[in-house]
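Undergrad: Predicted model and sequence follow; I will ask about them next.
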Amino acid sequence: MKPTLRRILTDLFVLALAALLVYYLSLAITGYPDYFRYAYGGLILIGGVMIARDFSRIIAIDFRSELGKEAPVLSNAVAVIGYIASAVASAFYLSFSPTALLAGAAFSGLVLGLALQPTLGSFFAGILILISGAVRPGSQVRILSWHIPFQGAFFPGYKSTRSTTSSRRCSTPVKRTTP
């Protein structure tokens, strides 16, 4: 039996045991039906995440030879879609309002966007440098000044680097990163 199939069967067995445990506890303790409803919602969420993770591993490991470089991309896409589907299924089982879910998602997206603004700004500046062709992987880069002026659209910070090939002072090769 393949390890990935064994992992899926183990996860399903553990989820079934947990569901049976919650079911028998709900029969034994009758005064708290809402708590057991939340427990079932949590099981739906945890089970969906585990199953999505297992299927993404199957795609990443077992189909690597057929898919090639697209295997990690498809694996991550399956994982994210599975996580979102399990969160939505759990929320609907717990009968959350779709309006409240949408408002919560908008608010959390706003908070994350503001919190990650410097990081995302640097990421997109790096993408812009690579796309513009000013610096290619393997070329030497010399930093003209440690102080990059902040002048917005007139002089963006990514233009304060110059591509050189013969300078040895303060130069660092641009390295290609592979995922």
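TA: In hand now; what should we look at? Residues are numbered from 1 along each chain as shown.

Undergrad: Test my guess that residue 18 contacts residue 42.
TA: No - using CB atoms under 8 Å, residue 18 is not in contact with residue 42; the gap is 9.3 Å. Yep, even glycine has a C-beta here, placed from its N, CA and C like the rest.

Undergrad: can you list the domain ranges for this structure.
TA: 3-115, 129-173 (automatic domain parsing).

Undergrad: and among the ones you listed, the most buried is which?
TA: domain 3-115 (a mean of 14; mean count of other CB atoms under 10 Å).

Undergrad: quick check: mean pLDDT across that domain?
TA: Domain 3-115 shows a mean pLDDT of 88.

Undergrad: Could you work out the end-to-end span of that domain for me?
TA: 39 Å (CA to CA, to the nearest Å).

Undergrad: can you check stretch 85-102 too?
TA: 15 Å.

Undergrad: contacting residues for residue 121?
TA: Contact analysis of residue 121 by CB atoms under 8 Å, 6 or more residues apart in numbering lists nothing.

Undergrad: do residue 61 as well
TA: Residue 61 makes contacts with residue 4, as judged by CB under 8 Å, 6+ apart.

Undergrad: Now it: which helix or strand?
TA: According to DSSP states H and E, residue 61 maps onto helix 33-62.

Undergrad: Over to residue 136?
TA: Applying DSSP H and E, one finds residue 136 in no helix or strand.

Undergrad: Could you point out the helix or strand that follows the helix or strand hosting residue 109?
TA: Taking DSSP H and E as the definition, residue 109 sits inside helix 98-115. Heading C-terminal from helix 98-115, the first helix or strand you meet, by DSSP H and E, is helix 117-132.

Undergrad: what's the angle from that next one to helix 98-115?
TA: In terms of direction (axes from the mean of the first three to the mean of the last three CA atoms, to 10 degrees), helix 117-132 departs from helix 98-115 by 70 degrees.

Undergrad: follow-up on the earlier one: what sits up against the helix holding residue 109?
TA: Contact partners of helix 98-115, identified using CB under 8 Å, 6+ apart, comprise 88, 91, 120.

Undergrad: and with 6 Å instead?
TA: residue 91 (CB atoms under 6 Å, 6 or more residues apart in numbering).
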